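[1] Sequence below, structure please.
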Amino acid sequence: MIVMKIGGSSLRDVASIERVVEIITRCEENERIVVLSAVSGVTDHLIKCVDQALDSERKINVLLEYLLLLHRELIAGIIKAASLRRKVLDEVEYLLSRLEKLLFGVSYTGECTRRTRDLILSFGERLAVQLVAGCLQDRDQAAVALEADRIDLIANGAFGYGNADLGRTAEMLPAHLAEFLHRDSIPVITGFFGRTPEGHTITFGRGGTDYSAAIVAHAMNCRELQIWKDVDGFLTASPQVVNGARPLRLLAYEEAAELSYFGASILHPRTVEPLVEKQIPAVIKNTFHPEAPGTVIGPERHLDEKVIKSVTYNRDIGALRLHGVSIGQQVGFLTRVVSALSEANINIISVITSQTSVNLLFNKDDVTRSRKIIEKQKITYLDHIEPLMDIALVGVVGEGLAETKGLAARVFTAVARANTNVEMISSGASKVAQYFIIKEKDIERTVAAIHSEFYGPAMTEPDPSVAAVGI
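    Numbers count the residues shown, from 1 in each chain. Down below sits the predicted model:
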């Protein structure tokens, strides 16, 4: 049995959906489970719906009309049988009527809780499974559209950033899918969300369908997880920065997790978590280039002679530098700060400490709010808070990084040659990753310099065989 995750970038239009359906139907495994993202652009549109509903009820119908027309055109293009086309359209119209009620409720009350927001944002995937299951049925494939919060994909935690309860999901999910699989029917399941133990819809964050698919693979003891996207897999660097970026064929779980955590948008950072326990491999495949081998992610370590397998970066970070004499030795300081930020559902990406300052890394959007929360704590030994907004993170990842002598020297010699000043360094938190902070304006030349140190000078022209999407 395998799980096939299909990303939203592979569900752009009639042609791409037909290509996806062809990939599913040609799969050699008899037992296939498909996990879907929303059609490209739909989740962003739903976010807009929430914002506009809070502003005025008059905009709701226009926003919903866009979703209806989009899905109606897709249905007309991919489903030939008139009766099936009508059936799928009825399901789409029913879902949009539910969404309409939610949006008017948001507008009339003037508020949208995190729980309500998660429910609204889940409708993109609910619509997508109707489309793809209908298209499969139209091609004489038995398929059924299933919603994750109705088949006991259990999760808990904060709304907008749910965590799967792998144990309970493994106990309950198989019973829902068994009857369909025994009839050689393909379950087409919504990604991105599950349900809380109380029955509320909870999402896993943007890109969370990767994580959903891994949860399903874990619960069903699958042989393999296939993640179908619009890229050939992980690369040695972003092709938007390095023309000579090369595809990576093999990655260990930890390498893929570190690359994802520190900027590689190919994979949701938590995707490997459900796979590790049962040693399930994942393979990144390209919907538009299916013959490419892709990147296989698994439990085995793959030592490369260059050691550094990939150089990644993240522009979307900011930091707060907390200054104070001996602040790094104050007992309970970090606990106090982290607890206050956690209560506000703010994630700290990393902490770098010294005797006189503590540096907290966040998503850029969280920096200003985090500063206000810390200031409210009125910590007497905290002298002042310095926000850092014009920074970026650069990370190097590879098995053997921690054990290879002289590797860090090579990295920072390359950085020096690029005339880049390093603001902060973190080393030792992971055996396969090292990262440092630089000014955002220096990203391109810094990444290119490190890549050149390990893989040779960049090509003068982009490689047409490499998908032009950054890692």
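[2] which residues does residue 357 contact?
    Contact partners of residue 357, counting by C-beta atoms under 8 Å, 6 or more residues apart in numbering, are 321, 322, 323, 324, 327, 328. For glycine as for every other residue, the C-beta is placed from the backbone atoms N, C-alpha and C.
[3] Sort out which residues of whichever strand or helix holds residue 177 are buried, please.
    According to DSSP states H and E, residue 177 maps onto helix 166-182. Neighbour counts using 16 or more other C-beta atoms under 10 Å place 166, 168, 169, 170, 173, 174, 176, 177, 180, 181 of helix 166-182 among the buried residues.
[4] The fourth one reaches residue 219, doesn't it?
    Yes - the pair formed by residue 170 and residue 219 meets the contact definition of C-beta atoms under 8 Å, at 4.3 Å.
[5] what are the ranges of the helices in the stretch 1-150 of the chain?
    Taking DSSP state H, counting those that start in this stretch, the helices of the stretch 1-150 of the chain run over residues 14-26, 42-55, 60-78, 82-109, 114-121, 123-138.
[6] Over to the stretch 151-300 of the chain?
    166-182, 209-219, 253-261, 272-276.
[7] sorry, back to before: the inter-axis angle of the helix holding residue 177 versus helix 209-219?
    If you take axes from the mean of the first three to the mean of the last three C-alpha atoms, to 10 degrees, helix 166-182 sits at 80 degrees to helix 209-219.
[8] give me phi/psi at residue 354?
    Here is the backbone geometry of residue 354 (degrees, to the nearest 10): phi -150, psi -180.
[9] How about the contacts made by the residue nearest to it when sequence neighbours are not counted?
    In space, and not counting its chain neighbours, residue 354 is closest to residue 328: 5.6 Å by C-beta to C-beta, 6 or more residues apart in numbering. By C-beta under 8 Å, 6+ apart, residue 328 lies in contact with 353, 354, 355, 356, 357, 358.
[10] now residue 345
    Residue 345 touches 114, 158, 160, 161, counting by C-beta under 8 Å, 6+ apart.
[11] Pull the most distant pair out of the residues you listed.
    Greatest spatial distance among the contacts of residue 345 (C-beta to C-beta): 114 and 161, at 9.4 Å.
[12] buried stuff in the worst-scoring helix or strand of the chain on mean pLDDT?
    Taking mean pLDDT, DSSP states H and E as the measure, the chain has strand 424-427 as its least confident helix or strand, at a mean of 80. The neighbour-count check on strand 424-427 (16+ other C-beta under 10 Å) flags 424, 426 as buried.
[13] ok now that strand, how far from the chain's centre?
    24 Å (C-alpha atoms, centre = their mean, to the nearest Å).
[14] In CSV, could you pull the C-alpha coordinates for the helix or strand that that strand is followed by?
    The helix or strand immediately downstream of strand 424-427 is strand 433-439, counting by DSSP H and E. Taking C-alpha atoms only, strand 433-439 is exported to CSV below (Å, rounded to 0.1, in the frame of the first residue of the first chain):
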residue,chain,number,x,y,z
ALA,A,433,23.1,21.1,10.2
GLN,A,434,24.8,24.4,11.0
TYR,A,435,23.3,27.8,10.4
PHE,A,436,24.2,31.5,10.8
ILE,A,437,22.6,34.9,10.5
ILE,A,438,23.6,37.5,7.9
LYS,A,439,22.1,40.7,6.5
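[15] so the helix or strand just after strand 433-439 versus strand 433-439, what angle?
    For strand 433-439, the succeeding helix or strand toward the C-terminus, using DSSP H and E, is helix 443-455. For helix 443-455 against strand 433-439, the angle by the same axes, to 10 degrees is 150 degrees.
[16] Buried residues, helix 443-455. List them.
    443, 445, 446, 447, 448, 449, 450, 451, 452, 453, 454, 455.
[17] quick check, nearest of these to residue 253?
    residue 454 (22.1 Å).
[18] pretty sure the closest one contacts residue 310?
    No - between residue 454 and residue 310 there is no contact, the gap being 9.8 Å when judged by C-beta under 8 Å.
[19] ok, residue 20 touching residue 287?
    Yes - with contact defined as C-beta under 8 Å, residue 20 counts as touching residue 287 (6.1 Å).
[20] Between these two, which is the more surrounded one?
    residue 20 (24 against 20; other C-beta atoms under 10 Å).
[21] Who are the contact partners of that one?
    Taking C-beta under 8 Å, 6+ apart, one finds 6, 10, 11, 132, 228, 287 in contact with residue 20.
[22] Compare those residues and tell me which is most surrounded.
    Neighbour max across these (other C-beta under 10 Å) = residue 6, 28 neighbours.
[23] Quick check: bridge partners of that residue?
    Here residue 6 sits in beta bridges with residue 36, residue 228, going by DSSP bridges.
[24] would you turn the contacts of residue 357 into a markdown table with pLDDT, secondary structure and distance to residue 392?
    Putting the contacts of residue 357 into a markdown table (pLDDT from 0 to 100; DSSP: H, G, I helix; E, B strand; the rest coil; distance: C-beta to C-beta, whole Å) gives the following:
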| residue | pLDDT | secondary structure | distance to residue 392 |
| --- | --- | --- | --- |
| 321 | 93 | strand | 16 |
| 322 | 93 | strand | 20 |
| 323 | 94 | strand | 22 |
| 324 | 89 | coil | 26 |
| 327 | 85 | helix | 25 |
| 328 | 75 | helix | 24 |
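[25] Among those, which one is most surrounded by other residues?
    Result: residue 322 is most packed of those (other C-beta under 10 Å), 24 neighbours.
[26] bridging residues for it?
    When assigned by DSSP bridges, residue 322 has beta-bridge partners residue 358, residue 385.
[27] Quick check: it touching residue 353?
    No - between residue 322 and residue 353 there is no contact under C-beta under 8 Å: 9.4 Å.
[28] any shared contact partners between these two?
    Residues touching both residue 322 and residue 353 by C-beta under 8 Å, 6+ apart: residue 359.
[29] Report the separation between residue 369 and residue 142.
    49 Å (C-beta to C-beta, to the nearest Å).
[30] Provide a list of residues in contact with the residue nearest to residue 258 when sequence neighbours are not counted.
    The shortest distance from residue 258 to any non-neighbouring residue, by C-beta to C-beta, 6+ apart, is to residue 433 (4.0 Å). Listed by C-beta under 8 Å, 6+ apart, the contact set of residue 433 reads 255, 258, 262, 395, 396, 397, 401.
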